[in-house]
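Chemist: I would like the atomic coordinates for the input below:
(one chain, ligands or ions: 1)
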Amino acid sequence: MGITTTSCVDVTPEQLYRKFASLDGQYYDRARCERYAVLIKEIKRLKQQRRAIILAHNYQRPEIFEVADFVGDSLELARQARNARNADVIVFCGVHFMAETAKVLNPERTVLLPDMRAGCSLADSISADDLAERKAELMKIFPDLKVVSYVNTTAEVKALSDACCTSANAVKVVEALDSQNILFVPDQNLAHYVQTQTKKRIISWTGSCYVHHQINAEEIEKVRRAMPDIKVLAHPECRADVLALADAVLSTSAMARYARESSASRFLIVTECGLSDRLLMEVPGKQFFKACKLCMYMKMITLEGTLESLRTMRHEIVLSDEVREGARRALERMLELAA
Ligand code: SF4
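Modeler: Residues are numbered from 1 along each chain as shown. The predicted model follows:
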């Protein structure tokens with residue numbers, strides 16, 4: 001589950017400085033912490049004024065967690081938002097497809113993305129037109145074909161899918177569908193992982209997350225040699241040779257749960273760096289080593305941009321009713337199949 005983080009008590013620069021010291025003392029120096037404390041105070045004030053909540057993805061910058069009402073993966077955030085009955089506005093500190101999902105599940109609320117450049121290499125690897133074409137081709141060969149799209153896709157792609165899935169429930173969704181032939185889009189690595197877990201035919205797309213795809217097995221082996229007791233937790237968007245070296249293949253939220261509950265004390269978190277930063281701050285007494293891979297799209301969201309978004313109500317996510325309804329159907333189908 002995602003976690004509720006924000007507090008209405010103002011944070012002092014000294015508190016921020018102490019909190020961030022374990023991450024990078026040079027970057028989070030006193031001057032930066034002073035500036036951030038002012039921005040955080042103003043964001044919290046505007047949140048109240050606008051009746052807004054802030055949802056932050058696990059890969060966000062640590063200072064964003066200070067203003068977030070919920071931190072988690074994209075789907076649990078969108079679902080959390082549905083329960084925030086007294087919010088009129090959702091500011092999504094994540095990337096574009098995530099803000100779209102929040103809009104799909106919360107159509108009556110205004111959903112804002114602080115920076116429209118916050119895209120995603122995976123979501124960009126497939127368009128609705130290309131999917132429609134490929135689906136039509138394949139249906140001539142496999143008339144029972146079903147399309148499963150990872151949540152890291154645009155709302156238009158979701159709307160053309162029979163069901164969505166997350167990294168946590170992909171296998172369950174594929175198994176539950178009444179078809180032996182699944183076009184699984186767009187992540188080739190996740191598709192490969194799912195194929196290892198099912199007897200159904202998985203037809204993959206050629207998309208990948210540029211962050212996870214660049215992590216290689218040699219890096220993992222090097223860490224293992226240096227620390228044989230370390231637990232390696234890898235995200236299924238990583239390549240197959242990396243997953244083969246992992247102690248557990250988990251979604252980001254499942255990694256956080258695993259690290260909290262495990263008796264192990266050292267973990268290599270093989271996913272975007274933001275998650276290990278979050279774990280370092282939230283799970284004291286344990287050590288987290290990271291793959292040192294940053295998602296440039298996630299890091300486009302800043303405190304300054306978030307403040308500006310709340311101040312001017314920019315950039316609003318708008319979807320047509322047809323797309324929103326189609327994407328909602330695919331998301332609901334996922335929840336039903338994975339239940
Ligand atoms: S980490 Fe990868 S999948 Fe996630 S937003 Fe960045 S590019 Fe997209």
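
Chemist: pull out the buried residues from stretch 111-121.
Modeler: Of the residues in stretch 111-121, Val111, Leu112, Leu113, Pro114, Asp115, Ala118, Gly119, Cys120, Ser121 count as buried by neighbour count, 16 or more other CB atoms under 10 Å. Just so you know, the C-beta spots here come from the backbone N, C-alpha and C atoms, and that holds for glycine as well.

Chemist: hmm, I was thinking of stretch 102-110
Modeler: So stretch 102-110, judged by 16+ other CB under 10 Å, has buried residues Ala102, Lys103, Val104, Leu105, Asn106, Arg109, Thr110.

Chemist: what sits up against that stretch?
Modeler: 55, 77-79, 81-82, 87-90, 92, 111, 155, 158, 313, 316-319, 324, 327-328, 331 (CB atoms under 8 Å, 6 or more residues apart in numbering).

Chemist: among these, the buried ones, what's the PyMOL command?
Modeler: Buried subset of the contacts of stretch 102-110, written as a PyMOL selection, criterion 16+ other CB under 10 Å:
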select buried, resi 55+77+78+79+81+87+89+90+92+111+155+158+317+319+324+327+328+331
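
Chemist: follow-up on the earlier one: in strands only, show me the buried residues of stretch 102-110.
Modeler: Thr110 (DSSP state E).

Chemist: please enumerate the helices of the stretch 151-300 of the chain.
Modeler: All helices of the stretch 151-300 of the chain, identified by DSSP state H, counting those that start in this stretch, fall at 155-159, 170-176, 188-197, 210-213, 217-226, 240-243, 252-261, 273-282.

Chemist: the third one - what's its average pLDDT?
Modeler: Rounded to a whole number, the mean pLDDT of helix 188-197 is 96.

Chemist: does the ligand sit close to it?
Modeler: No. Helix 188-197 lies out of reach of the ligand by CB under 6 Å from any ligand atom, never closer than 10.1 Å.

Chemist: can you list the buried residues in that helix?
Modeler: Gln188, Asn189, Leu190, Ala191, His192, Tyr193, Val194, Gln195.

Chemist: ok, the third one - contacts?
Modeler: I take that to be Leu190. Tyr150, Ser167, Ala170, Phe184, Pro236, Glu237.

Chemist: beta partners for the fourth one?
Modeler: Spelled out, it's Phe184. Here Phe184 sits in beta bridges with Val148, Ser204, going by DSSP bridges.

Chemist: need the residues of the stretch 1-150 of the chain near the ligand, please.
Modeler: Tyr59, Val95, Cys120, Ser121, Leu122.

Chemist: need those residues in TSV (columns: pLDDT and secondary structure).
Modeler: Formatted as TSV, those follow (pLDDT from 0 to 100; DSSP: H, G, I helix; E, B strand; the rest coil):
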residue	pLDDT	secondary structure
Tyr59	89	coil
Val95	97	coil
Cys120	97	coil
Ser121	95	coil
Leu122	96	coil
